[in-house]
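Colleague: Could you look at this predicted model? Sequence included:
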Amino acid sequence: MVKKVFTINNKLGLHVRPASVLANGVGRFHCDIFIDFGGQSYNAKSVINLMAACIKQGDTVEVRCDGSDEADAMKAIEQLVSEGLGE
Amino acid sequence: MLKGTPASSGIGIGKAFVICQTEPVVERRPVACTEEEPARFSWAVQVFSAQIEELAILVEERIGKAEGEILRAQISLINDPELKKEVMQKVEEEKVNLEYGFACVCDRYIDLFSALEDELMQARAADFRDMKNRLLCILTGVCGTDLAKVPPGSILVAEDISPSQTAFLDPARIQGIATRAGAKYSHISIIARALGVPAVVAVEGVLERVDNGVQMVVDGNQGVVLCSPASKELAAYQAQKAEREKEQALLEEYRARPTLTADNIPVQLAANVATRQELKAVCKANADGIGLLRTEFLFMDRSVLPCEEEQLSFYQRVLEQMRGRPVIVRTLDIGGDKAIHSLGPEKEENPFLGLRGLRFSLEHQAHFLTQIRALLRAGACGRLEIMLPVVTTLEELRSAKKLIAQAERELEEQGKPFQKNVSLGVMIETPAAALCAAALAKECGFFSIGTNDLTQYTLAVDRGNPKVAGLYDTGHPAVLRLVACAVEAAQAEGIPVSVCGEAAADPALIPFFLGVGVTELSVSASSVLPVRRFISGLTMEECRQTAGRMLQL
């Protein structure tokens, strides 16, 4: 399992558009990908889950990837977040 | 009589067609064997996705691309892996039917999203409600209210009309719309205006008071809804509607004509555009181009500003649709009463005297340069002109020109094709600009007089304030003298001058504008034909005399 902490910098937090970019961007990986935030875990492949997490600008979240392609998945997430999740 | 918010003008008379939004009843049934449920869910999701895709295409054709995209978002929601997991968990753990499990999961999200303060998230609750009802209809085989089957001559009455239902609104059969919910800028209002269907929204009690099939009147001008009107009232509305239709028919013959005065002097008659939906109406009205393309709507209601490419593709599409007719684009005019979320809500004590129009652009140069580059590039494929809002000094005009030159250099370096020597105009909407027009005219390509702001700044009147709105009068000699002053300066330099405020469509002021020497009027799309007809009855000599008279104190 690999873990990494990210800060979400999107102006309106993880709302529909960035959540879709993230969920669609990691859907192809086989490993489980969870975002731990506010004491709960959310499935990063689910737009609905990500939106329901109500992550705001400046919040820090921990991403966990667990499975055969976990390293590649984490790399992809780093890339997506550094690109501002499509914004 | 019921009162509401007028959302789309016109009189609609017809029989009530009440859309019951009673959500499909979901029974909780124990199911011994839940093995078949996942396959049933997958099947329903497939049918759902296909239906929405079909609807989205229809909406794109009839209404617009953005509205279609809103609908498509439901496809990614219904295909969400977590949604499926949660539904199946519920079904298996409680050994219940799929319909019940799905409804419970949706309800939880509807509650969750409606409770959030964020307006964008609250809109997701509406998507979930729409999605829940559609999927349940598919599963239970019960069709929801199909608006495609509304009989001709109907007045639609509903709590609200969902985005997926709007695809079926057929203006040929729907005479009017009355909804309990909604506001002037809610989805249904925008669509009703785009389709030209009279509508009144936010009508308290409309669902309780109206029964299916009763005679109704929807007065979209006054925001009034009548059910079973007395024959006298009905006759009055019928007369009003007939009058409007007769007017409309008379106007038809002006559609294909050029705009000429009675003594055959041509007048440029362009249209103002503030939303994507208006573009089609402008083309249909056969206007001589766009005299004012507002760009604020590209920037509003979104979290990220549109990039150069997105702006470019929009401007190019406008130019294509106008087929060679000139399009005057006003650079971003925010501040005043128009704030943009993504640029930060900087509250000002007195926003109309604050950082607005060109002042804002000179303060936020990066945004201005992005817009200018997109405009110059779009200009390579049509007749595009650029207009600067709220100018008060010559220095501001010069600063803007320096930035435009910088944008040109950047495009040159990147080897991207763009329009060189684009025509740059100044909006005359402050007394300062009107009084210094002689200096401005020497350094710009045209003037456009914005009468709304010019009037409020000259008379120190906020027309939105009911206590002083009575003092707001573009026909005040002080305002007219400033207009004359700007026109005179333009004529001295041989540059064209247009009027693009609401006054440009006012029959009381059109003779003045033409008489004083304005070369172009730019009016809302719905005013193009009435103004063309009005001008055809005027002679220039009359106009000049009227103008002279109106300038007297």
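Modeller: The structure has been received and is ready for your questions. Numbering: from 1, shown residues only, chains lettered A, B, ... in the order given.

Colleague: need the helices for the stretch 101-250 of chain B, in chain order.
Modeller: Taking DSSP state H, counting those that start in this stretch as the test, the helices found in the stretch 101-250 of chain B are B:119-140, B:163-166, B:187-195, B:206-209, B:231-252.

Colleague: Which residue does chain A have closest to chain B?
Modeller: Nearest residue of chain A to chain B (CB to the nearest CB) works out as residue A:46 at 3.3 Å. Any C-beta I mention is one placed from the backbone N, CA and C, and that applies to glycine too.

Colleague: what are the phi and psi angles of the residue nearest to that residue when sequence neighbours are not counted?
Modeller: Leaving out its chain neighbours, the residue that sits closest to residue A:46 by CB to CB, 6 or more residues apart in numbering or on different chains is residue B:82, at 3.3 Å. Per-residue torsions, residue B:82: phi -70, psi -40 (degrees, to the nearest 10).

Colleague: For residue B:82, give me its contacts.
Modeller: Neighbour list for residue B:82: A:43, A:45-46, A:48-49 [criterion: CB atoms under 8 Å, 6 or more residues apart in numbering or on different chains].

Colleague: now residue B:155
Modeller: Applying CB under 8 Å, 6+ apart, we find residue B:155 in contact with B:12-17, B:174-178, B:216, B:218.

Colleague: let's see it at 10 Å
Modeller: Residue B:155 sits next to B:12-18, B:174-178, B:197-199, B:210, B:214-218, B:225, B:227 when contact means CB atoms under 10 Å, 6 or more residues apart in numbering or on different chains.

Colleague: How about residue B:244?
Modeller: Contact analysis of residue B:244 by CB under 10 Å, 6+ apart lists B:9-11, B:198, B:221.

Colleague: Mind putting those into CSV with neighbour count, distance to residue B:248 and pLDDT?
Modeller: Output for these, formatted as CSV (neighbours: other CB atoms under 10 Å in any protein chain shown; distance: CB to CB, whole Å; pLDDT from 0 to 100):
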residue, neighbour count, distance to residue B:248, pLDDT
B:9, 16, 12, 88
B:10, 22, 10, 91
B:11, 23, 12, 94
B:198, 27, 13, 94
B:221, 14, 14, 92
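
Colleague: So which of the contacts of residue B:82 is the closest to residue B:324?
Modeller: Relative to residue B:324, the closest of the contacts of residue B:82 is residue A:48; by CB to CB it sits at 47.4 Å.

Colleague: Among the contacts of residue B:244, which one lies nearest to residue B:313?
Modeller: Relative to residue B:313, the closest of the contacts of residue B:244 is residue B:9; by CB to CB it sits at 31.6 Å.

Colleague: pLDDT score for residue B:338?
Modeller: We have a pLDDT of 64 for residue B:338.

Colleague: ugh, wrong one, I meant residue B:304
Modeller: We have a pLDDT of 68 for residue B:304.

Colleague: Torsion angles phi and psi at the residue minimising distance to the centre of chain A?
Modeller: With distances taken as CA atoms, centre = their mean, residue A:44 lies nearest the centre of chain A, 5.0 Å away. When read as degrees, to the nearest 10, the backbone of residue A:44 gives phi -70, psi -10.

Colleague: ok now do it, which residues does it touch?
Modeller: Residues near residue A:44 by CB under 10 Å, 6+ apart: A:19, A:22-23, A:25-27, A:29, A:32-35, A:50, A:53, A:61, A:63-65, A:73, A:77, B:82.

Colleague: Type out the ChimeraX command that picks the buried ones from those residues.
Modeller: Buried members of the contacts of residue A:44, defined by 16 or more other CB atoms under 10 Å in any protein chain shown, are picked up in ChimeraX with:
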select /A:19,22,23,25,26,29,32,33,34,35,50,53,61,63,64,65,73,77 /B:82
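
Colleague: Give me the subset of the contacts of residue A:44 that lies in helices.
Modeller: When DSSP state H defines the helices, the subset of those inside them is A:19, A:22-23, A:25-26, A:50, A:73, A:77, B:82.

Colleague: of those residues, closest to residue B:28?
Modeller: Distance ranking of these against residue B:28, using CB to CB, places residue B:82 first at 22.7 Å.

Colleague: related to what we said a few turns ago, mean pLDDT for the helices of the stretch 101-250 of chain B: which is lowest?
Modeller: Among those, helix B:163-166 scores lowest, at a mean of 68.

Colleague: With pLDDT and distance to residue B:334 as new columns, can the ones in helices among the contacts of residue A:44 be given to me in CSV?
Modeller: Below are the ones in helices among the contacts of residue A:44 laid out as CSV (pLDDT from 0 to 100; distance: CB to CB, whole Å):
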residue, pLDDT, distance to residue B:334
A:19, 86, 28
A:22, 90, 30
A:23, 89, 33
A:25, 87, 33
A:26, 91, 36
A:50, 88, 31
A:73, 93, 41
A:77, 93, 35
B:82, 87, 39
